[in-house]
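Visitor: how would this look folded up:
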Amino acid sequence: MTELAWYRPLTEPLPEPAADDAATGYLHPGHAESLAEFGAPRELPHAGG
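Guide: Model (predicted):
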């Protein structure tokens, strides 16, 4: 197996998961805002966002 140069094992525990009602990842509005340099976000109603 090839060793990955960027891979480092975790040294700290993972954070607790967010509450069920909190938007995280792709659902968080900040995700689209963070990509603003590439264009304007578009609503995708059939994709739930």
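
Visitor: From Gly39, how far out is Thr24?
Guide: According to Cβ to Cβ, to the nearest Å, Thr24 and Gly39 sit 23 Å apart. Every C-beta, even on glycine, is put in place using the N, C-alpha and C of the backbone.

Visitor: Pick out whichever of these two has more residues nearby.
Guide: More neighbours surround Thr24 than the other of Thr24 and Gly39, with 11 against 7 (other Cβ atoms under 10 Å).

Visitor: How confident was the prediction at the more buried one?
Guide: Thr24 is assigned 75 on the pLDDT scale.

Visitor: now the strands: where do they sit in this structure?
Guide: Ranges of strands in the chain, per DSSP state E: none exist.

Visitor: so where is it shaky, pLDDT-wise?
Guide: Applying pLDDT under 70 to the chain flags residues 1-8, 17-21, 48-49.

Visitor: What segments of it are helices?
Guide: Under the criterion DSSP state H, the chain contains helices at 29-34.

Visitor: how close does Glu16 get to Ala36?
Guide: Distance, Glu16 to Ala36, by Cβ to Cβ: 29 Å.

Visitor: So for the two, which residue has more residues nearby?
Guide: Each of Glu16 and Ala36 has its neighbours counted (other Cβ under 10 Å); Ala36 has more, 9 against 6.

Visitor: any idea how far the more buried one is from Pro13?
Guide: From Ala36 across to Pro13, the span is 33 Å (Cβ to Cβ).

Visitor: ok, now Pro45?
Guide: For Pro45, the distance to Pro13 equals 38 Å [Cβ to Cβ].

Visitor: same check, this time on Glu37
Guide: 33 Å.

Visitor: what does Thr24 give?
Guide: In this view, Thr24 and Pro13 are 18 Å apart by Cβ to Cβ.

Visitor: do the same with His31
Guide: His31 sits 24 Å away from Pro13, going by Cβ to Cβ.

Visitor: Just want to know which of those two has more residues nearby.
Guide: Each of His31 and Pro13 has its neighbours counted (other Cβ under 10 Å); His31 has more, 14 against 6.
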